[in-house]
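A.B. asks: Sequence first, then the predicted structure:
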Amino acid sequence: MHVSALSLTDFRSWPQLDLELAPGPTALVGSNGQGKTNIVEALLYVATLGSHRVAADAPLVRQGAERAIVRVKVERDERSTYVELELNPGKANRARINRGAVPRAREVLGLLRTVLFAPEDLSLVKGDPAARRGFLDDLLVARTPRLAGVRSDYERVLKQRNALLKTAFLARRSGGGDMRTLDVWDAHLAQSGAELLSARLGLVDELLPLADVAYREVSKGPSGKQSDLSFVYRSSLGEGMPASQDREVLAAALLSELARVRQNEVDRGVSLVGPHRDELQLNLGSMPVKGYASHGESWSVALALRLASYELLKSDGGEPVLVLDDVFAELDTGRRERLACLVQNAEQVLVTAAVPGDVPEQLAGGRVDVHDGVVTHVR
């Protein structure tokens, strides 16, 4: 899979951009603030319907414009697919596939797959649990697009349930309140939560061996000694977490735990059980990465998570586009070389860098200079 053409209209800093791309490595080179990251961010948006830099769509629309449009041409198995997204802040986004309108924007999920390496990846290791939950859920959707609906349903149910809990909290303070409606939302939360939880557990099992191998490749030094990378999925079910990944078993466990903590939830006005409270703990040897790993080790773990994601998506069929956004400037010489060697044979690699010297020799393929709103093919 690779992208052969990208067109932007009023996306971020670009009033208009038309860019042709080739398989293999391509470097987008330009000083900071020229719009390199905006280009690869647009590709990520088509692949995930989200940005790695902002949570909402409004900042993606150029200041003064009403909407932004992203168009890509994706090549896969000798077939071309045209994907168009129209971003309308405050309104529903629109999508077209091969110039035909589709009912929902999320219909485009799966047509383009990307794996992004960026400085923000350190949040996967050093950040809050939400960053690691988001990493798992984004990868789930990339592999199985229908899970975007499950994720959306769970978030909707959680929002409704939290609103009801806040109402119940206020009602109890005034001496009233009817708790029966909570039973209905408990059932919805358990059902959608169990499907999401089951999918996450299966993903963690598949991801771990790939991540451990990738960590060893990225982090190996002159001594040849590395700690094992391992994951521990910590569920809000605690000791009530079943060994099974069966959705019905997990739904029953969630319902039971919701019943057990209901009084505490009402007292606090918030949902305390469900996948939104879970954590993926990353360990090196016997110690958690967060709080104990060095800066270099943390980078190696973050890179290992992305490389494992790439291998997993590749094994599903349809090699994803690799995007390395200003990542080499963040790495020491050894990690730069090892990462470049690991990705150089990918079908398509897009690298952004402030200066040509930040691009490793192994990825010195095509080059596009980005300056003052103009892109120029150098080679």
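C.D. replies: Arrived safely, thanks for sending.

A.B. asks: Just want to check the distance between residue 3 and residue 80.
C.D. replies: When CB to CB, to the nearest Å is applied, the distance between residue 3 and residue 80 equals 11 Å. To be clear about C-beta, it is placed using only N, CA and C from the backbone, and glycine gets the same treatment.

A.B. asks: neighbour count winner among these two?
C.D. replies: residue 3 (24 against 11; other CB atoms under 10 Å).

A.B. asks: What are the buried residues along the helix or strand that one falls within?
C.D. replies: Assessed by DSSP states H and E, residue 3 sits inside strand 2-11. Within strand 2-11, the residues that count as buried by 16 or more other CB atoms under 10 Å are 2, 3, 6, 7, 8, 9, 10, 11.

A.B. asks: Show me what that strand packs onto, helices and strands only.
C.D. replies: Applying 3 or more CB pairs under 8 Å, 6 or more residues apart in numbering; DSSP states H and E, one finds that strand 2-11 makes contact with strand 14-20, helix 36-48, strand 68-76.

A.B. asks: Now do the same for residue 112: helix, strand or coil?
C.D. replies: Secondary structure for residue 112, judged by DSSP: H, G, I helix; E, B strand; the rest coil, is coil.

A.B. asks: what's the closest non-adjacent residue to it?
C.D. replies: Excluding the flanking residues, the one nearest residue 112 by CB to CB, 6 or more residues apart in numbering is residue 47, at 4.6 Å.

A.B. asks: Counting neighbours, what do you get for the one you found?
C.D. replies: When counting by other CB under 10 Å, one arrives at 27 neighbours for residue 47.

A.B. asks: And the helices in the chain?
C.D. replies: For the chain, the helices identified by DSSP state H occupy 36-48, 123-126, 129-143, 147-173, 180-219, 247-268, 295-316, 333-343, in order along the chain.

A.B. asks: These: which one's closest to residue 115?
C.D. replies: helix 295-316 (4.5 Å; CB to CB).

A.B. asks: In CSV, list the C-alpha atoms belonging to the closest one.
C.D. replies: Extracted in CSV, the C-alpha atoms of helix 295-316 (Å, rounded to 0.1, in the frame of the first residue of the first chain):
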residue,chain,number,x,y,z
HIS,A,295,15.1,8.7,28.4
GLY,A,296,16.8,6.4,25.8
GLU,A,297,15.0,3.3,27.2
SER,A,298,11.6,5.2,27.0
TRP,A,299,12.3,6.1,23.4
SER,A,300,13.1,2.5,22.6
VAL,A,301,9.9,1.3,24.1
ALA,A,302,7.8,3.9,22.2
LEU,A,303,9.5,2.9,19.0
ALA,A,304,8.9,-0.8,19.8
LEU,A,305,5.2,-0.1,20.2
ARG,A,306,5.0,1.5,16.7
LEU,A,307,7.2,-1.1,15.0
ALA,A,308,5.0,-3.9,16.6
SER,A,309,1.9,-2.1,15.3
TYR,A,310,3.5,-1.9,11.8
GLU,A,311,4.3,-5.7,11.8
LEU,A,312,0.8,-6.5,13.1
LEU,A,313,-0.9,-4.5,10.4
LYS,A,314,1.4,-5.9,7.7
SER,A,315,0.6,-9.4,8.8
ASP,A,316,-3.1,-8.7,8.3
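
A.B. asks: Show me the contact partners of it.
C.D. replies: The contact list for helix 295-316 (CB atoms under 8 Å, 6 or more residues apart in numbering) reads 113, 115-117, 121-122, 124-126, 135, 139, 142-143, 206-207, 210-215, 217-219, 229, 282, 284, 289, 293, 319-320, 322, 330-332, 335, 339, 342-343, 346.
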